[in-house]
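> Got a sequence here, can you build the structure:
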Amino acid sequence: MEIINKNPGSCDNPITIKNKHQNSKLSKEYRARDETYIHRPLLQSSTKNNNGDVFAFDKAPEGDEHFALNVISNPNLQPLDIKIALALFEILEWRHSGEGKVYLCTSKELDLENYGEFGIDIVFSDGFEREIDPTPLTKQLHKLFKTSVSTDTLNKVLTRLDSFHYINVTPVTMANSKLAKPEHKTGKSKAYLKLIEINEMMDTKNLTNIWVVNKELK
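Have a look, this model is predicted:
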């Protein structure tokens, strides 16, 4: 009898990777209900000239090496948001590697053997493996950039940066895996491991002139 590795992120149980730019399946479902699906809520509510399915982001000028400018020009980011966004861009060496990495986003002791293949790599639904970085992300930020942040605060910042489209965060959990059962998806589960990728379009589009102050964030 074949033994199945049920670890979230194993070859037998890959993690469903989050769509970076738009979820066409959800868009169709919303359109059928005469509603508009918003993939990145903070990005849409913090840029001007968004009409229906046509978003300012899609019409922004093309270019190169705009990531830092798109971060520092956003009036809705807090100083810590800016620090972490720029730090992640450097840590991931995005322009050289173009790949994301699975980070430890918890201060708890975690047995990595319960994840992926031997606790080294996580397999995703796109067929690719991503390496697990065993050093907690909070420690890396402190060591490399002298940025001290708690795990809870870090995870809140990651959620904000994801909603602004700077990064793509995919949780590595049983609920987000191929073998997930209904009870896994309905219950609350914390993601101690997260795949973090830079959204490359935030480096190739110039958003500096389309930001607006989002009063709901002030």
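> Just list the residues touching the residue lying closest to I132 once chain neighbours are set aside, thanks.
Excluding the flanking residues, the one nearest I132 by C-beta to C-beta, 6 or more residues apart in numbering is V102, at 4.6 Å. Every C-beta, even on glycine, is put in place using the N, C-alpha and C of the backbone. For V102, the contacting residues are G9, I122, R130, E131, I132, D133, V172, L193, K194, L195, I196, by C-beta atoms under 8 Å, 6 or more residues apart in numbering.
> Burial check on the residue lying closest to E99 once chain neighbours are set aside, number of neighbours?
Spatial nearest neighbour of E99, chain neighbours left out: R130 (7.0 Å); criterion: C-beta to C-beta, 6+ apart. Look at R130: counted by other C-beta atoms under 10 Å, it has 23 neighbours.
> Which helix or strand contains R130?
R130 belongs to strand 129-133 when elements are defined using DSSP states H and E.
> Kindly report the same for V169.
Using DSSP H and E, V169 falls within strand 167-171.
> Pull up the pairing partners for that strand, direction included.
If you go by DSSP bridges, strand 167-171 pairs up with strand 193-198 (antiparallel).
> what angle sits between the partner strand and strand 129-133?
On the basis of axes from the mean of the first three to the mean of the last three C-alpha atoms, to 10 degrees, strand 193-198 is oriented at 110 degrees to strand 129-133.
> Name the surrounding residues that touch the helix or strand following strand 193-198.
Counting by DSSP H and E, the next helix or strand C-terminal to strand 193-198 is helix 201-204. With contact meaning C-beta under 8 Å, 6+ apart, helix 201-204 is reached by 20-21, 57, 62-67, 70, 94-95, 165-166.
> And the residues you listed, which two are furthest apart?
Distance extremes for the contacts of helix 201-204: the farthest pair is F57 and R95 at 20.4 Å, using C-beta to C-beta.
> quick one on the thing from earlier: hang on, the residue nearest to I132 in a strand?
Yes: looking at V102 with DSSP: H, G, I helix; E, B strand; the rest coil, it is inside a strand.
> Use 43 as the first number for this chain going forward.
In the new count, where the first residue is 43, that last one comes out as V144.
> separation between it and S87?
29 Å (C-beta to C-beta, to the nearest Å).
> Next one: the most centrally placed residue in the chain from I240, what distance?
Taking C-alpha atoms, centre = their mean, the centroid of the chain lies closest to V211, which sits 1.9 Å from it. V211 sits 11 Å away from I240, going by C-beta to C-beta.
> and the residue lying closest to the residue nearest to the centre of the chain once chain neighbours are set aside, helix, strand or coil?
Among residues not flanking V211 along the chain, D204 sits closest, at 4.5 Å (C-beta to C-beta, 6+ apart). Recorded secondary structure, D204: helix (three-state DSSP).
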